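S.K.: the following comprises the amino acid sequence and a computationally predicted model.
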Amino acid sequence: MGGTMTKFCAEPQYPTYLETIGKTPLVKVDRMLPEEAKHATVLVKLEMQNPGGSIKDRIALNMIESAERSGKLKPGMTVVEGTSGNTGIGIAMVCAAKGYKCIIIMPQVPAMLERVMIIRQFGGHVHLTAAGKGIKGVLEQYEKLIASAPDNYFGTAQFTNLDNPDAHIKTTGPEIWEATKGRVDYFVHGIGTGGCIRGTGEYLKRLKPSVKVIAIEPTEARVHIGAPPKPHPIVGIGAGIVTHFLGLEGKPVENEAPLPGIIDEWAHASGDECVAFAKRAAELEGIMCGPSAGAALKVATDIASRPEAKGKTIVVILASHGIRYTAHPLWAEVKKEAAAALPAPPNMDKDIELVQARLS
């Protein structure tokens with residue numbers, strides 16, 4: 001009997017590491033919501049559960065595999081990307097798994113600490129550009145590097161590459177639709193490259209035109225409605241440029257006008273609000289998320305509190321895990337507390353009181 005069963009049992013199938021990208025959970029939050037918001041259902045998509053820790057794994061894989069299929073990316077070439085961080089991590093992870101070298105270009109600011117470390121741990125190379133030039137300086141160096149040896153470098157070009165929103169048309173949108181069984185009324189997300197909000201929003205609106213897509217920018221950098229960009233701490237959104245994928249041709253909208261079929265409302269959250277809501281998610285829901293997710297939760301809470309949101313379902317993208325931002329103000333209070341409680345070197349005297357610190 002045992003031999004017969006062995007003969008007819010199918011061989012077990014195992015995924016590759018990169019095949020675990022996507023299919024992230026969509027879960028309900030409740031405890032962090034004020035009472036007036038609880039007449040709506042707020043669902044959060046846990047993109048930190050992607051293997052590289054953020055939603056950017058989706059576009060990294062799609063951009064690289066599409067380039068492989070088209071022949072633009074050939075064995076031996078080096079992949080190049082300019083980024084504020086998470087896309088760079090996704091690119092470095094995919095390149096490591098596929099055997100490519102990569103160069104990730106980022107601004108030289110303290111918030112890049114974990115990103116530099118993670119990319120280097122994946123074996124990627126990092127070029128840091130002058131902080132004062134912002135994302136424009138990053139993109140300038142990106143173009144210069146690729147132009148210097150176009151046969152050696154392949155640029156993934158996340159800000160203009162249509163394989164970016166396509167990743168969300170193929171994965172993020174369908175996952176949300178399937179998980180909600182089509183019962184989605186609002187889709188809330190911040191504008192980084194604009195790829196996720198364009199791709200996911202396009203997919204959802206195609207199946208249900210009444211879905212409202214809410215785009216979030218930092219209060220300090222609302223460039224899509226014409227405000228001048230200022231420094232802000234919401235890493236991952238608000239790059240200070242009008243994004244390519246919204247069809248604006250580099251020009252902001254006037255009077256916060258919606259973009260028919262793309263964006264229904266322009267929302268915003270401040271640096272302080274992003275920190276406050278990310279901390280609320282950790283303390284009240286057990287969900288540790290990053291600054292852009294905190295901003296999204298703030299806006300989603302505001303929407304859920306509106307009278308017209310009663311009985312509606314709001315889907316929010318939580319783009320990355322909070323542990324990736326220990327150099328960010330999000331962690332400032334507990335870092336100071338922990339540093340005071342953990343002296344270096346430690347006191348090794350055995351005759352001191354047993355409990356040396358209580359943190360609460």
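M.R.: Yep, it's here.
S.K.: can you pull the contacts of G82?
M.R.: Residues counted as contacts of G82 (CB atoms under 8 Å, 6 or more residues apart in numbering) are 104-106, 135, 138-139, 141-142, 158-159. To be clear about C-beta, it is placed using only N, CA and C from the backbone, and glycine gets the same treatment.
S.K.: burial of the nearest residue to it once chain neighbours are set aside, as a residue count?
M.R.: On the basis of CB to CB, 6 or more residues apart in numbering, the spatially nearest residue to G82 that is not a chain neighbour turns out to be Y142, at 3.7 Å. When neighbours are defined as other CB atoms under 10 Å, Y142 has 25 of them.
S.K.: likewise I216?
M.R.: I216 has 28 neighbours, counted by other CB under 10 Å.
S.K.: show me which residues of stretch 145-164 are buried.
M.R.: By neighbour count with 16 or more other CB atoms under 10 Å, stretch 145-164 contains the buried residues 145-146, 153-159, 161-164.
S.K.: which residues sit against it?
M.R.: Residues from elsewhere that reach stretch 145-164 (CB under 8 Å, 6+ apart): 59-60, 62-64, 66-67, 72-74, 77-83, 87, 91, 103, 105, 127, 139, 142, 193, 195, 199, 241, 243-245.
S.K.: show me where the chain has helices.
M.R.: Counting by DSSP state H, the chain has these helices, from start to end: 2-8, 56-70, 86-98, 113-121, 134-148, 163-167, 173-180, 195-207, 271-280, 291-304, 332-341.
S.K.: now the ones you listed as CSV including distance to G311 and mean pLDDT?
M.R.: Written out in CSV, the entries for these read as follows (distance: least, CB to CB, whole Å; pLDDT from 0 to 100):
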stretch, distance to G311, mean pLDDT
helix 2-8, 51, 54
helix 56-70, 31, 98
helix 86-98, 34, 97
helix 113-121, 40, 95
helix 134-148, 40, 95
helix 163-167, 30, 98
helix 173-180, 14, 98
helix 195-207, 18, 98
helix 271-280, 23, 97
helix 291-304, 11, 98
helix 332-341, 38, 95
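S.K.: can you redo those as JSON lines with distance to K38?
M.R.: Converted to JSON lines, the helices of the chain look like this (distance: least, CB to CB, whole Å):
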{"stretch": "helix 2-8", "distance to K38": "52"}
{"stretch": "helix 56-70", "distance to K38": "31"}
{"stretch": "helix 86-98", "distance to K38": "31"}
{"stretch": "helix 113-121", "distance to K38": "35"}
{"stretch": "helix 134-148", "distance to K38": "38"}
{"stretch": "helix 163-167", "distance to K38": "33"}
{"stretch": "helix 173-180", "distance to K38": "18"}
{"stretch": "helix 195-207", "distance to K38": "24"}
{"stretch": "helix 271-280", "distance to K38": "15"}
{"stretch": "helix 291-304", "distance to K38": "8"}
{"stretch": "helix 332-341", "distance to K38": "28"}
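S.K.: nearest to H232, of those?
M.R.: Of all those, helix 271-280 sits nearest to H232, with 5.3 Å by CB to CB.
S.K.: can you tell me which helices and strands the closest one packs against?
M.R.: In this structure, helix 271-280 packs against helix 291-304, with contacts taken as 3 or more CB pairs under 8 Å, 6 or more residues apart in numbering; DSSP states H and E.
S.K.: any buried residues in the helix it packs on, and which?
M.R.: Of the residues in helix 291-304, those buried under the neighbour-count criterion (16+ other CB under 10 Å) are 291-304.
S.K.: could you check the angle it makes with helix 271-280?
M.R.: 90 degrees (axes from the mean of the first three to the mean of the last three CA atoms, to 10 degrees).
S.K.: who does helix 291-304 touch, helix- and strand-wise?
M.R.: In terms of contacts (3+ CB pairs under 8 Å, 6+ apart), helix 291-304 is packed against strand 41-46, strand 186-190, strand 212-218, strand 265-269, helix 271-280, strand 313-318.
S.K.: let's see the pLDDT reported for V109.
M.R.: What the model reports for V109 is a pLDDT of 89.
S.K.: contact partners for it?
M.R.: V109 is in contact with A131, counting by CB under 8 Å, 6+ apart.
S.K.: same question, the one 5 residues further on
M.R.: The neighbourhood of E114, defined by CB under 8 Å, 6+ apart, consists of 85, 324-327.
S.K.: which pair in those residues has the greatest spatial separation?
M.R.: Maximum pairwise distance among the contacts of E114 (CB to CB): 13.1 Å, between G85 and T326.
S.K.: how many residues are close by the nearest residue to A67 once chain neighbours are set aside?
M.R.: Excluding its sequence neighbours, the residue lying closest to A67 (CB to CB, 6+ apart) is L73, at 3.7 Å. Other residues within reach of L73 by the criterion other CB under 10 Å amount to 21.
S.K.: for A157, see how far away L73 is.
M.R.: Applying CB to CB, to the nearest Å, one obtains 12 Å for the distance of L73 from A157.
S.K.: contact partners for the spatially most central residue of the chain?
M.R.: Geometric centre of the chain, nearest residue: A319, 3.3 Å, by CA atoms, centre = their mean. Contacts for A319 were tallied using CB under 8 Å, 6+ apart; they are 47-48, 54-56, 86, 190, 192, 236, 289-290, 292-293, 296.
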